[in-house]
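Participant: Generate coordinates for the sequence data below:
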Amino acid sequence: MRVAVFTETFLPKVDGIVTVVCLLLDHLNKRGIDTVVVAPKMGVDHYNNTPIIGVPGVTFPLYPELRVGPPTLSTYQQLKAFNPDVAHFIHPVLIGIPGMLMAKRLDIPTVASFHLDYARIVRHYNFGFIEPVTDILTRLVFNAADSTLAPSRLIQSEMQRLGIKDVGLWKRGVDAEKFNPRYANADMRHALSDGHPDDVIMLYVGRLGSEKQIDQIKAVLEQVPGTRLALVGDGPAREDLKAHFAGTPTQFMGYLKGEALAQAYASADLFVFPSAMETFGLVVVEAMAAGLPVVASRVGGVRDVVSEGETGTTFEVNDVTAMVEGVRKIAADRGRMKAMGRAARAFAETQSWDAMMDEVIDLYARLIGLPAEEALTA
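Facilitator: Alright, predicted model coming up:
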């Protein structure tokens, strides 16, 4: 089997979508399936054994880390030379929509998976007037695919509400070896806490963007004594957030990856996630795998993974009071906080990526008419 993956964002950029794409490619290669990626041209030619067909583009003003532009004739020629059996589109937009036309011309089946709620994101960048158009375009594009996938039950329901038909579920997993309490590190805890390791360290990992509503965590710092905040990641809201949190016990750690990221998760006390929108929220289950209880808004897959009062607590978007009280209750009892962290870890250990990725391979096999057992060797 030969699979072409189209994505609007890829390495060297680091975010939840890139993480999922890399995990998918890793798993496909492990199963002996040949892959190619069509992605923005960002100076990376290969990811492990997977060649990258780079699409030229320009810097996106609202998100300078991203380059955008449509595929070219050269893109099509390289795709045709690869001769894929199936094409998987990671939330098709500028690269994916023309890519779907290419796939139709090559007469290969298409899978479109939902990863980013563009219609809701535009609200946070003062472009809310295009939200209805974005919803219509989303419905048209996803219904044009042969199969569609949602990352959580909440998003599955929202896609169906938009009029997208036959939406399947491609849940997210976690690498419970990569994210593990054993990576707890005294030096990292010292860095996260700015030299105050005995305080309760709240951790946020992810993009620093307005839709993540990180600014709301300031209320916790002001109302729950002995708490500190560490922000791991970067993004367009970084400077605004630095000004907002000035004078508070907040550390900006920048991008971390590999073992440093694993240490950051494992060296904190609890994970706080007030995002206004997510399709899943991969960082939540990563934090749980590292042994952290979670206080998160009820977005994306949060309700699929957080058990109230056992592995954390959830709150409605923008309910800052509930977020503050959630942190207060967990932080007030160190023993209970540790027990919730152990329960979070136990749940995360059941969320294997392998099984969830194999379900995607089974879908590819059905679309191209292969028995599932042959898909791993075709």
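Participant: Looks like residue 315 contacts residue 298 (just checking).
Facilitator: Yes: between residue 315 and residue 298 there is a contact under Cβ atoms under 8 Å: 6.8 Å. Quick note: C-beta positions are derived from backbone N, CA and C, even for glycine.
Participant: With neighbour numbers in mind, choose between the two.
Facilitator: Between residue 315 and residue 298, counted using other Cβ atoms under 10 Å, the more crowded position is residue 315 (19 against 14).
Participant: so what's that one up against?
Facilitator: 295, 296, 297, 298, 322, 323, 326 (Cβ atoms under 8 Å, 6 or more residues apart in numbering).
Participant: So what's the residue count around the fifth one?
Facilitator: Right, the one you point to is residue 322. Using other Cβ under 10 Å: residue 322 sits among 15 other residues.
Participant: Excluding covalently adjacent residues, which one is nearest to it?
Facilitator: Excluding the flanking residues, the one nearest residue 322 by Cβ to Cβ, 6 or more residues apart in numbering is residue 315, at 3.6 Å.
Participant: now that neighbour: how far from residue 309?
Facilitator: 13 Å (Cβ to Cβ, to the nearest Å).
Participant: Need the mean per-residue confidence for stretch 287-297.
Facilitator: The average pLDDT within stretch 287-297 is 98.
Participant: Provide a list of residues in contact with the closest residue to residue 313 other than its chain neighbours.
Facilitator: Once flanking residues are discounted, residue 313 sits nearest to residue 326: 4.1 Å by Cβ to Cβ, 6+ apart. Residue 326 sits next to 295, 312, 313, 314, 315 when contact means Cβ under 8 Å, 6+ apart.
Participant: Most widely separated two among those?
Facilitator: The widest separation within these, taken as Cβ to Cβ, falls between 312 and 315 and amounts to 10.5 Å.
Participant: Give me the common contacts of those two.
Facilitator: With Cβ under 8 Å, 6+ apart, residue 312 and residue 315 have common neighbours 295, 296, 326.
Participant: which ones are touching residue 240?
Facilitator: Residue 240 sits in contact with residue 215, where contact means Cβ under 8 Å, 6+ apart.
Participant: Residue 307 is in contact with residue 340, correct?
Facilitator: No: if you go by Cβ under 8 Å, residue 340 and residue 307 don't touch, sitting 9.4 Å apart.
Participant: Can you pull out the low-pLDDT segments for the stretch 151-300 of the chain?
Facilitator: Along the stretch 151-300 of the chain, no part satisfies pLDDT under 70.
Participant: Break down the stretch 151-300 of the chain into its strands, ranges please.
Facilitator: Secondary structure of the stretch 151-300 of the chain (DSSP state E, counting those that start in this stretch): strands located at 167-169, 200-205, 227-232, 250-254, 270-273, 294-297.
Participant: Mind putting the contacts of residue 315 into TSV with distance to residue 271?
Facilitator: TSV is the format used below for these (distance: Cβ to Cβ, whole Å):
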residue	distance to residue 271
295	7
296	7
297	12
298	15
322	16
323	12
326	11
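Participant: if we can go back for a sec, could you measure from the residue nearest to residue 313 over to residue 211?
Facilitator: For residue 326, the distance to residue 211 - Cβ to Cβ - is 20 Å.
Participant: Kindly report the same for residue 202.
Facilitator: Distance from residue 202 to residue 211, by Cβ to Cβ: 19 Å.
Participant: of the two, who's got more company?
Facilitator: Shown here are residue 202 and residue 211; by other Cβ under 10 Å, residue 202 has more neighbours (27 against 20).
Participant: so that one sits right up against residue 274, yeah?
Facilitator: No: here residue 202 does not reach residue 274: they are 10.8 Å apart, not a contact under Cβ under 8 Å.
Participant: Show me the common contact partners of those two, please.
Facilitator: The contact sets of residue 202 and residue 274 overlap at residue 217 (Cβ under 8 Å, 6+ apart).
Participant: Over to residue 80: give its phi and psi.
Facilitator: phi -60, psi -40 (degrees, to the nearest 10).
Participant: Excluding chain neighbours, what is closest to residue 10?
Facilitator: Leaving aside its sequence neighbours, residue 10 sits nearest to residue 39 (Cβ to Cβ, 6+ apart; 3.7 Å).
Participant: what about the one you found, is that helix, strand or coil?
Facilitator: Secondary structure for residue 39, judged by DSSP: H, G, I helix; E, B strand; the rest coil, is strand.
Participant: Could you list everything the closest residue to residue 83 other than its chain neighbours pairs with in the sheet?
Facilitator: Using Cβ to Cβ, 6+ apart and skipping residues adjacent in sequence, the residue nearest residue 83 is residue 2, 6.3 Å away. Taking DSSP bridges as the rule, residue 2 bridges to residue 34.
Participant: Now do stretch 107-123, average pLDDT.
Facilitator: 79.
Participant: quick check: domain ranges of the chain?
Facilitator: 2-173+352-375, 181-348 (automatic domain parsing).
Participant: which of those sits most buried?
Facilitator: domain 181-348 (a mean of 20; mean count of other Cβ atoms under 10 Å).
Participant: just how off-centre is that one within its chain?
Facilitator: The chain centroid and the centroid of domain 181-348 are separated by 16 Å under Cα atoms, centre = their mean, to the nearest Å.
Participant: is it true that residue 359 touches residue 149?
Facilitator: No: counting by Cβ under 8 Å, residue 359 stays clear of residue 149, with 9.4 Å between them.
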